[in-house]
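> coordinates for the following, if possible.
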Amino acid sequence: MTTSLPEWFVEALNTEPEERQVLVDGCHVAYRAWGDGDGPPVVLVHGGGANASWWDHIAPALAADRRVIAVDLSGHGDSGRRDAYDLRLWADEVLAASDDANLVSPVAVGHSLGGLVALDMATRDVVPALTIVVDSAITDAARREWLWMRRITAKPVVHYTDRNQLLERFTPTPPDAANRPYIVEHIAARSITLATEGWRWKLDPGIFARPVSDALDLARVQGRVVVLQAERGTARTPFSKAELEILGPDATVAVVPDSGHHVMVDQPEALIDLVRQHVSAYDAARF
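Numbering: from 1, shown residues only. Next up, the predicted model:
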């Protein structure tokens, strides 16, 4: 158990978010909201198997002068479950939560699966003018590498009588030596729930069963795209020239040093700074 926490982390977690939900296609979608400034609003989208709490230590810093929300996609966190999941429906949920929170043209920031959801949002008629993708499997090579995640679907839901035993089993997938224990501990505590049969993970294993053909059409993505790759994540599968051309001439690709796939767990300060920089640049370019 972590005994000494960084001051910035404690301050972030002491910033209580608003807990809200919206009904989307018959399913309750939960989201959290911080801040109320007039800067460009931001919507944060977590990765597959994660939840909005992965942004708890990131969102308050971004919300100093703007409205920020973090959404629990269906099948994740405190949102409801569905019989089947796909990118477009998850994007519908994020757009609905953004509308419910009165966000006008929000900047979309998505991690891993959430980055694909954010890019799907950018294919719509009303799209984010800026999409920031954090270590998402966009390239063909990265997609092939991440198909192993689908093996999770074969694992049955296990219940535990001992809460701490379940917490101790929590490890970000894939694990990385740079994972900060105090962030992992916070996320773990927000990722479990007490059911009738005992303690279990909040996520629905069915989220990993979406069809492989449920691919994103990058050619339809509009607006400016910023891709932040983790050094030990998708940076190992660099973009081809053709893939960069599809993202558009204004696309930016940068690598976050000394980070595994879960950048907000490994290098949270760097992620906050990078998102701030790109949102500020986008805001300045609007005028």
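> so who does the residue nearest the centre of the chain touch?
Nearest residue to the geometric centre of the chain (CA atoms, centre = their mean): residue 46, 1.9 Å. Residue 46 makes contact with 52, 54-55, 70-73, 76-77, 111-114 under the criterion CB atoms under 8 Å, 6 or more residues apart in numbering. Heads up, the C-betas are built off the backbone N, CA and C, glycines and all.
> could you say what helices and strands the longest helix belonging to the chain packs with?
Counting residues, the longest helix in the chain under DSSP state H turns out to be helix 268-285. Helix 268-285 sits against strand 39-45, helix 59-62, strand 107-111, strand 130-134, strand 224-230, strand 252-256, helix 263-266, with contacts defined as 3 or more CB pairs under 8 Å, 6 or more residues apart in numbering; DSSP states H and E.
> among those, show me which one is buried the most.
When these are scored by mean count of other CB atoms under 10 Å, the highest mean neighbour count falls to strand 107-111 (a mean of 29).
> which elements pack onto the helix or strand that that one is followed by?
Downstream of strand 107-111, the first helix or strand assigned by DSSP states H and E is helix 113-121. Under the contact criterion of 3+ CB pairs under 8 Å, 6+ apart, helix 113-121 touches strand 39-45, helix 87-100, strand 107-111, strand 130-134.
> low-confidence ranges in the protein?
By pLDDT under 70, the weakly predicted segments of the chain are 1-3, 127, 140-155, 211-215, 286-287.
> just the helices in the stretch 101-250 of the chain please.
113-121, 140-145, 163-168, 181-189, 241-247 (DSSP state H, counting those that start in this stretch).
> for the third one, buried residues please.
This points to helix 163-168. 166-167 (16 or more other CB atoms under 10 Å).
> same question for the last one.
When burial is assessed from 16+ other CB under 10 Å, helix 241-247 yields the following buried residues: 243, 246-247.
> residues in contact with that helix: which ones?
Residues contacting helix 241-247 (CB under 8 Å, 6+ apart): 138-140, 218-219, 221, 225, 227, 239, 251, 253.
> are any of those residues buried, and which?
138-139, 218, 221, 225, 227, 239, 251, 253.
> ok, residues contacting the longest helix of the chain?
By CB under 8 Å, 6+ apart, helix 268-285 touches 8, 39-40, 42, 57-58, 61-62, 66, 107, 109, 129-130, 132, 134, 180, 183, 224, 226, 228, 252, 254, 256-257, 259, 263-264.
> ok, now with 7 Å
Helix 268-285 is contacted from outside by 39-40, 42, 57-58, 61-62, 107, 109, 129-130, 132, 183, 224, 226, 228, 256, 263-264, using CB atoms under 7 Å, 6 or more residues apart in numbering.
> before we move on, back to that, looking at the helices of the stretch 101-250 of the chain, which is nearest to residue 16?
For residue 16, the closest of the helices of the stretch 101-250 of the chain is helix 181-189, at 14.0 Å, according to CB to CB.
> in PDB, could you pull the C-alpha coordinates for that closest one?
Only the C-alpha atoms of helix 181-189 are listed here, as PDB (Å, rounded to 0.1, in the frame of the first residue of the first chain):
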ATOM      1  CA  PRO A 181       1.700   2.000  -7.800                       C
ATOM      2  CA  TYR A 182      -0.400   4.800  -6.300                       C
ATOM      3  CA  ILE A 183      -2.200   5.400  -9.600                       C
ATOM      4  CA  VAL A 184      -2.800   1.600 -10.100                       C
ATOM      5  CA  GLU A 185      -4.200   1.400  -6.500                       C
ATOM      6  CA  HIS A 186      -6.700   4.100  -7.200                       C
ATOM      7  CA  ILE A 187      -7.800   2.700 -10.500                       C
ATOM      8  CA  ALA A 188      -8.200  -0.800  -9.000                       C
ATOM      9  CA  ALA A 189     -10.400   0.400  -6.200                       C
END
